[in-house]
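**Q** need a structure here:
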Amino acid sequence: MCSLAGKDKIIFATKEDHATPSNAELVADDPNDPYEDQGLILPNGDINWNCPCLGGMASGPCGEQFKLAFSCFHHSTEEIKGSDCVDQFRAMQECMQKFPDLYPQEDDDEEKEKPSKDLEAVSTEATVTEEVKGSS
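**A** A predicted model of the protein is given here:
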């Protein structure tokens, strides 16, 4: 049973339709299909800028800066990988700072609070240690 809803064709499956095994043929993925999801690195070694793992960073107002920085890092042969890419990452960061709504940065207030809590814990431990020594 079928019905049309605008441009869509709606097909209703019956119990009888589900009673028989499917005769659909599965087709193996073609590793050379440029439209198939391949992960971050394509078989030819290129970066797959459409990979969902990049979170859309390759598009948008700082996409070109991201691509330059990421490509530099990916192809870096320095002992400390990416150490030759500082200028590209700096350009990307400067671009992202121009668009804080699209590229939110970590809250500086949170980072300032963390060390003070850590120092507070160390201070408390030192006080407890002194009290224990004084009481023995």
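**Q** the strands in this protein, which residues?
**A** When secondary structure is read from DSSP state E, the chain shows strands at 2-5, 8-11.
**Q** contacting residues around Leu4?
**A** Taking C-beta atoms under 8 Å, 6 or more residues apart in numbering as the contact definition, Leu4 lies against Ile10. C-beta: built from backbone N, CA, C; applies to glycine.
**Q** Would you quantify the distance from it to Gly55?
**A** To Gly55, Leu4 is 38 Å away according to C-beta to C-beta, to the nearest Å.
**Q** now swap in Gln38 and tell me
**A** Following C-beta to C-beta, the distance that separates Gln38 from Gly55 is 17 Å.
**Q** now Pro43
**A** Taken as C-beta to C-beta, the spacing of Pro43 relative to Gly55 amounts to 22 Å.
**Q** Of the two, which one has the most company?
**A** When Pro43 and Gly55 are compared for neighbours, Pro43 comes out ahead with 10 against 7, by other C-beta atoms under 10 Å.
**Q** Next, please give the residue ranges for the helices of this structure.
**A** 15-19, 63-75, 86-97, 108-135 (DSSP state H).
**Q** returning to what we had before: which one of the strands of the chain lies closest to Gln65?
**A** Taking C-beta to C-beta, strand 8-11 is the member of these nearest to Gln65, at 40.8 Å.
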